[in-house]
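Student: below are the sequence and a predicted model; questions follow.
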Amino acid sequence: MGLIKRGIKTAVGIINILVLSLAGLLGFYSLSLPDTYFITASSEVGPLPEYISFRSDKDTIAPVMTGQSVSAGELILFGVFPVKDVTVFDMGTPMLIPSGEPFGIKMLTDGVVVTDVNGFNTESGYESPAKDAGIRPGDVIKLIDGKKIMGNADVSAIVSKGKPVNIVYERKNEERTVTVVPKKSDSGFKIGLWVKDSSAGIGTLTFYDAVEGRFAGLGHPVCDAGSGALMPLSSGEAVEVSVNGVIKGRAGYPGELTGLFKAQNEIGKLLVNSPSGVYGEVESDILYGSEAFIGGAVPLGTRAQIEVGEAYIYSTVDGFTPEMFKINIEKIASHSDNSDNGKDMVILVTDERLLKATGGIVQGMSGSPILQNGRLIGAVTHVFVNNPQKGYAIFADTMYSTSLTANTTSLTANAA
């Protein structure tokens, strides 16, 4: 009898362990796997971890923008246990024109970005009214005393009156309001803020979508160099650039492309500055990337179609004509460790011509399209500071899905 009891107790213990392990697995996959997947006509949902499968609910298919279809389904563990409901966007087979052309970015912010908060000498000592009120670098000031702030001059004009001001600002998409009392310094009333209302730089165009009339570039957001905050886009334009020099990268010192803006040659209007890059609407026929790319339009490749191994980037290191350079894809992020930071792949430059010209990946090459097996699969985003031969890249399907909503959705989430 005692043996039977002990056997039952052991069996119950094993069952409890199995149940807890199963619950832990379900919880882990529910949190780590995305709620949304993007596929093309030639790809499947994924990549998915071993023992996880996708089950579609065919009754929920509905048409959406640009000829897509969206369907609901669920992820299943061991073919039995539901993990979570997911949404799948079937993008058909988008044909995109890889660019590799340099372009200039000129943008005005929506509000002003706080780049620094400091103190100054007043009659009462060294003070910083803005810091005391809780304002920090990276915050975006939208309103002061109910007036929409469009630039640095707006802030100075209101604060210089010396009266308490009500400031509405955003931090990580949360709106906050504080009252700040200006203090008198040797040069007038101040609150101790340095702010920025515009940005300019050079990047690389990733692709041109001739069907939608949109372009995409950079693969990462335009951020304030000091605070790292995403610059909230009010308006901006993309203009033609000619690369006229290269500062070669070396360990510990990222290199850089230098170029001349051709402000009279506007490519189009910027619509979105998002974590996955900048997006715009073409307003002229000078999007030279569509002319320069030898192969014309290519199909979009999804993350499920990317392989570790040889690939190519298109980039411009002289003038405005892109060239093809060999790289090697060393690592592809899984869904469990993929974050929204443009670090979906680790790439290694293997082309001796590019290594000789630039030392590897340099600033200004961000957005350079990556092709593998005839598909556009990604874009260069970052360089390894201690090894410029290596860098990160973003999945092209992420950039494409963002570009589809560029005209209808504001994606300029403010970071702090």
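Tutor: Here it is on my side, so go on.
Student: longest helix of the protein?
Tutor: Ranked by residue count under DSSP state H, the longest helix found in the chain is helix 2-32.
Student: which non-adjacent residue is nearest A333?
Tutor: D344 (4.7 Å; CB to CB, 6 or more residues apart in numbering). Any C-beta I mention is one placed from the backbone N, CA and C, and that applies to glycine too.
Student: wait, what's in contact with that neighbour?
Tutor: Shown in contact with D344 (CB atoms under 8 Å, 6 or more residues apart in numbering): R303, I332, A333, N338, G378, Y392, A393, I394, F395, T398.
Student: can you name the two of those residues that sit furthest apart?
Tutor: R303 and Y392 (14.2 Å; CB to CB).
Student: how near is the residue nearest to A333 to G378?
Tutor: In this view, D344 and G378 are 7 Å apart by CB to CB, to the nearest Å.
Student: so what are the domain limits for this structure?
Tutor: 2-90, 95-106+199-403, 109-197 (automatic domain parsing).
Student: by pLDDT, give me the weakest of the contacts of D344.
Tutor: Model confidence across those bottoms out at N338, which has 47.
Student: what comes up buried for the longest helix of the chain?
Tutor: Buried residues in helix 2-32, defined by neighbour count with 16 or more other CB atoms under 10 Å: L25, L26, Y29.
Student: for stretch 185-195, same thing?
Tutor: Here stretch 185-195 shows F189, K190, I191, G192, L193, V195 as buried, counting by 16+ other CB under 10 Å.
Student: may I ask you to name the longest strand in the chain?
Tutor: strand 256-274 (DSSP state E).
Student: the helix or strand just after that strand packs against which elements?
Tutor: Next along the chain after strand 256-274, taking DSSP states H and E as the criterion, comes strand 277-282. Strand 277-282 makes packing contacts with strand 193-209, strand 214-217, strand 233-247, strand 256-274, helix 396-403 when contacts are defined by 3 or more CB pairs under 8 Å, 6 or more residues apart in numbering; DSSP states H and E.
Student: tell me the most buried of the ones you listed?
Tutor: Among the helices and strands packed on strand 277-282, ranked by average contacts under mean count of other CB atoms under 10 Å, first place goes to strand 214-217 (a mean of 28).
Student: quick one: end-to-end length of stretch 215-229, please.
Tutor: 23 Å (CA to CA, to the nearest Å).
Student: what comes up buried for that stretch?
Tutor: F215, A216, G217, L218, G219, H220, P221, V222, C223, D224, S227, A229.
Student: just give me the least confident of those residues.
Tutor: Among the buried residues of stretch 215-229, S227 carries the weakest pLDDT, at 70.
Student: now that one: how far from I105?
Tutor: Distance of S227 to I105, given as CB to CB: 18 Å.
Student: what ranges does the stretch 1-150 of the chain have for its helices?
Tutor: Using DSSP state H, counting those that start in this stretch, the helices of the stretch 1-150 of the chain run over residues 2-32, 129-132.
Student: could I get the average pLDDT for the longest one?
Tutor: If I follow you right, that is helix 2-32. 75.
Student: with the shortest one instead?
Tutor: Looking at helix 129-132 alone, the average pLDDT works out to 89.
Student: now do stretch 136-143
Tutor: For stretch 136-143, the per-residue pLDDT averages 88.
Student: buried sites along that stretch?
Tutor: P137, G138, D139, V140, I141, K142, L143.
Student: check contacts around N244.
Tutor: T258, G259, L260.
Student: in strands, which of the buried residues of stretch 136-143 fall?
Tutor: Among the buried residues of stretch 136-143, DSSP E puts V140, I141, K142, L143 in strands.
Student: show me where the stretch 151-300 of the chain dips below the pLDDT cut-off.
Tutor: Applying pLDDT under 70 to the stretch 151-300 of the chain flags the ranges 226, 263, 284-295.
Student: 80 instead?
Tutor: 151, 172-173, 197-200, 211-212, 224-229, 231, 233-235, 261-266, 283-296 (pLDDT under 80).
Student: pretty sure S274 contacts P221?
Tutor: Yes. At 6.1 Å, S274 counts as touching P221 under the criterion of CB atoms under 8 Å.
Student: nearest to L404 among the ones in strands among the buried residues of stretch 136-143?
Tutor: V140 (25.9 Å).
Student: adding distance to I327 as columns, could you present the buried residues of helix 2-32 in TSV?
Tutor: Below are the buried residues of helix 2-32 laid out as TSV (distance: CB to CB, whole Å):
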residue	distance to I327
L25	36
L26	38
Y29	32
